[in-house]
Structure formats: C-alpha cells, structure tokens
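>>> structure of the sequence below:
(chains A, B, C and D)
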There are 2 protein chains.
Amino acid sequence: MRTHSLAADRVLLMRTSTAERVAAILRARISEGHFQPGERLTEEEITEALGVSRNTLREAFRLLTHERLLVHELNRGVFVRVPDVADLRDLYRVRKHVECSVLREATVSPADLTRLTAAVEQGKQALRGQDWRGLGTANIQFHEALVALAGSERLAELMRAVLAELRLVFAVMANAERFHRPYLEHNEEILVALQSGDGDRAAELLRSYLDDAERQLVEAYSANQAEQRG
Amino acid sequence: MRTHSLAADRVLLMRTSTAERVAAILRARISEGHFQPGERLTEEEITEALGVSRNTLREAFRLLTHERLLVHELNRGVFVRVPDVADLRDLYRVRKHVECSVLREATVSPADLTRLTAAVEQGKQALRGQDWRGLGTANIQFHEALVALAGSERLAELMRAVLAELRLVFAVMANAERFHRPYLEHNEEILVALQSGDGDRAAELLRSYLDDAERQLVEAYSANQAEQRG
DNA sequence: GCATATTTGTCCGTATGTATA
DNA sequence: CTATACATACGGACAAATATG
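I've put the predicted structure just below:
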C-alpha cells in the first residue's frame, strides 16, 4: 500500500538532481508519518517503487542520514530514526541557546512581524477548526520565523533540522497533539513582547516556556518508551 | 595495552565505509590547503589516485558537500568552496549567538577546565615556537571546548562545521596567521572569568572579541577579494 | 555558431562481505 | 553451522550536459 502511494510520486521526479528529489519525497513521507520511526527502508523496495537506481537512492539516503532523519547501520541498511530521551533533551538545549539568544538581540523588521503574526494567526485558525496537525505546523513556522530574526542562513538551517527531528519525537509519542495546545498563547505573548521592543522579556518568556515543554515531554516520552518496551 | 597491532587498526578501518574514509582524506587535504578554494575536484583524477570507484567517490563528495566544504554544480562537478564575505558575516553571527549563550549559562566541571586550560597551554607553546598553524589549531580547540560546555552533541557538531568553514576563509586570505596572534590572550581572559564562575563576564569578553575579529576579517577579506578580481 | 572532446548523471550486473534466522 | 538476504563496492555502459577549439 505504501509502495503504491510512493509510485504516485514518480511524476514528481523531474528537474534538479534525482537524488535530491528522491530525498525530498522520502523526507515528506517521514514527516507525514507514512514511514514510522524505527522502520527499515529497503533499497530494493524503494528503487522499484520510484523507478530509480540503487546508486541514486543511496545518495538520497546519505542526504537524509546527515539530516538525522535516517540512521545508517553499516551493512544493515537505513532506518527511520528513533530519537531517545537524550536526543529530546539535546534538542531543547539547542533550542534554548539559539532561540533565546536570537530573541535577546533581535531587531524586528515589519516583514519579520508580518511573518510572526501570520504564524500565530494560522495557529488560531487551526485551533478553531480543531486541526491539531495544522496547529503543530503553525507552531513550527512561528519558531522558524523567530530564528529568522537573526538573519543567519546557518542558524535557520540548524533550526529546520532541529524542528524536523522534533517531529520525529512527536511521531513516537501517543496523543502528541495535546502538547501543541498551550503553545499558541505562549507564542502570542512572545510576539507582544517583541512588538514592544522588549527582546529580553521575549527571551525570558520563551526560556520558561521551553523549560516547561521539555519537562512535560521528557516525562511523557519516558513513560511512553517504557510502555513500548514492556 | 600499548600493543598497536595492525589487526586492531584494520577492525577500525572496516567499521567505517569506504566513502567515509575517502571523505576524511579529502577533508584533511582541504583543511591543509592541498586543495585550494575554488579548485575543481575531478572524479577521474581522484578515483585513480585513491583506487576507489566513481560511485564510492560520489558518496564521499555528498558528505563533504553537506559539510559545506565542497559545492556541487549540476553537470559541472564539485569544487572546493569559496566562502564570500556574506558567509564570513554569517559564521560570526552563529558564533556570537551560540558561543556567548553557552558561556552565559555554563557550569564548568573540572574536566571542562582541564580541556580549556590544555588548549590555552597548547597555544602558548605554538606561540613560543612561532608555529602559526599550530596556534590556529589550538584556538579552534579552545572554542570547541567552549561549546562543549553546553553538553550538546548537536551544538558541538554545528561548531565543528562552522570552524571548518572558517578554515576555508583563512585559506582564501593572505597572511591569515597574523589574525591568530591576539586570540591567545583573549582566550586566557575568558578562561579566568570562567574559573571565577562569572559566565556573564566571560560571555561579554567573548562577545567583544568576536565583534573585533569579525570587523578585522571582513575588512581584510573584502580587500583581498577585490584584489583577486582586479 | 558549430562540431568535437571531456566530464558528469544515471543505471546495471556482479562479486564480495556482513548480519541474522 | 548453514543458508538466506542484504549491503558494499566495483567496473562498465550510455545518455546528457558542458567545455573547448
């Protein structure tokens, strides 16, 4: 069934390098949850479904492995990454350092404000429609917009990777949606602080919110992992 | 266990793929300046020299491209990256946000202190021996040790990439060594502040030192680039 | 602008090595 | 221990793009 839906993506295989297009397809499939964390991606199955050679697919695997979405075990193959609690903690460590530092020194242009406001607005709409998946997406876009305030391509790229990994974390957990709910109002508070030019306050707000989120997630994640092992 | 049998090394070699070993060789060649920024790496030449197949080499290219050491132009091949002034500015933006944030919240263990002190000591020795290359290496190790204070694998990896790119910047510049000289005493000041538990002061010191370094480098780099074009 | 040579992009077949039932 | 399945790595082939004269 999965291979059939993959085959539908063959039409997307035009322009740019084939390996990158394959990577883009797999990336989307992973973040959509079509491939579960821990699942093995066999070369033969995917080469057949997408109609590309093994060499090309292996190049795509390399790309995604570097993005930490896949893990490559020598002579065993590639698997969708299963982040553990240590990964979760590390992801929040990165977020605290990077996002808070960016906020503290942020100078907010009108364009930045528009983007941030749009993300909050998108979240509100999702909440009204009880679209939890959309709420998660809006939240991610808000935080990407936050890091964009630094005007650094490298920090933006780091953040994209961090948030992609966080999606993997949520994919492992049951009822991940409920964690997205309180984010919205916190984001709005941060936005207000930024609008009034108080970067320090925005950073403090974000800091305490990230601390809370991490604590909650670590707790739920540990319980979840223990449950799956038992 | 000082018996360094070749068999043991062979086991280590076998646990990494050929592509990764090729990448390691090329990475070293680039950071040593064997391959100049802008230089093209032809597939045939390298496959012949290293005795690996084209497919294997191309996987190595992928790895290094993702590290920003190479750039891949479709149907044209791979080249050693030539960072421009915008890259230089971006690299310092990342350093300021990440390194300063880490210092501000650092809790320094005895092991951390040992590592930092060792880097400073190594720098002093290099200075005494007028080993400018060694001085640059010591400086890099100091800053890697700084970021290690955060205890985050992802931040450490980011920093490794940033510092590798910075080596490319220095490779483009003439007389890059002279920029390394003042670093040493600044590092020592930061170390003293950390020892006395004053992370805020350490962060402030680093901040102003990075600002200065960036200003100097941007100026010299722009002049250098203009010269090469003219 | 054109024709040619070179290099890359992609795919395939196969031999070997490795992990696991 | 054997058998199986799979990944690793190589070399060859041809099309497509690019560089060169």
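>>> I'd like to know which helix or strand in chain A has the lowest mean pLDDT.
helix A:2-8 (a mean of 44; mean pLDDT, DSSP states H and E).
>>> what stretches of chain A score poorly on pLDDT?
Within chain A, the stretches with pLDDT under 70 are A:1-17, A:174, A:225-230.
>>> mind doing that once more with 90?
A:1-84, A:130-138, A:140, A:157, A:160-161, A:163-183, A:216-217, A:219-230 (pLDDT under 90).
>>> close to DNA strand C: what parts of it are there?
With Cβ under 7 Å from any atom of the strand as the criterion, chain A comes near DNA strand C at residues A:17-19, A:47, A:51-56, A:74-76. Where you see a C-beta, it was placed from the backbone N, CA and C, and this is true even at glycine.
>>> is residue A:189 in contact with residue A:205, as I believe?
Yes - in this structure residue A:189 lies within contact range of residue A:205 using Cβ atoms under 8 Å: 5.5 Å.
>>> neighbour count: these two, which is higher?
Shown here are residue A:189 and residue A:205; by other Cβ atoms under 10 Å in any protein chain shown, residue A:205 has more neighbours (21 against 14).
>>> rewinding a little: for the helix or strand just after the least confident helix or strand of chain A, which positions count as buried?
Note on helix A:2-8: by DSSP states H and E, the next helix or strand toward the C-terminus is helix A:18-31. For helix A:18-31, the neighbour count (16 or more other Cβ atoms under 10 Å in any protein chain shown) marks A:18-27, A:29-31 as buried.
>>> is any part of helix A:18-31 close to DNA strand D?
No - applying Cβ under 7 Å from any atom of the strand, one finds helix A:18-31 separated from DNA strand D by no less than 11.6 Å.
>>> now a ChimeraX select for only the buried ones of the residues of chain A next to DNA strand C.
Buried residues within the residues of chain A next to DNA strand C, by 16+ other Cβ under 10 Å, are selected in ChimeraX with:
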select /A:18,19,47,52,56
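>>> now, the residues of chain A next to DNA strand C that are in helices?
Taking DSSP state H, the ones among those that sit in helices are A:18, A:19, A:47, A:54, A:55, A:56.
>>> nearest to chain B among the residues you listed?
Nearest to chain B out of these is residue A:55 (Cβ to the nearest Cβ; 5.3 Å).
>>> tell me which residue lies nearest the centroid of chain A.
residue A:164 (2.4 Å; Cα atoms, centre = their mean).
>>> picking that back up, and the furthest pair within the buried residues of helix A:18-31?
The span of those, defined through Cβ to Cβ, is set by A:18 and A:31 at 20.7 Å.
>>> next SSE downstream of the helix or strand hosting the residue nearest to the centre of chain A?
Following DSSP H and E, the helix or strand that holds residue A:164 is helix A:153-172. Counting by DSSP H and E, the next helix or strand C-terminal to helix A:153-172 is helix A:183-195.
>>> which residues touch the spatially closest residue to residue A:105 that is not a sequence neighbour?
Leaving aside its sequence neighbours, residue A:105 sits nearest to residue A:199 (Cβ to Cβ, 6 or more residues apart in numbering or on different chains; 6.4 Å). By Cβ atoms under 8 Å, 6 or more residues apart in numbering or on different chains, residue A:199 lies in contact with A:103, A:104, A:105, A:106, A:193.
>>> and with 10 Å instead?
Residue A:199 is in contact with A:100, A:102, A:103, A:104, A:105, A:106, A:107, A:108, A:149, A:193, counting by Cβ atoms under 10 Å, 6 or more residues apart in numbering or on different chains.
>>> which among those gets closest to residue A:211?
For those, the nearest to residue A:211 is residue A:100 (10.6 Å; Cβ to Cβ).
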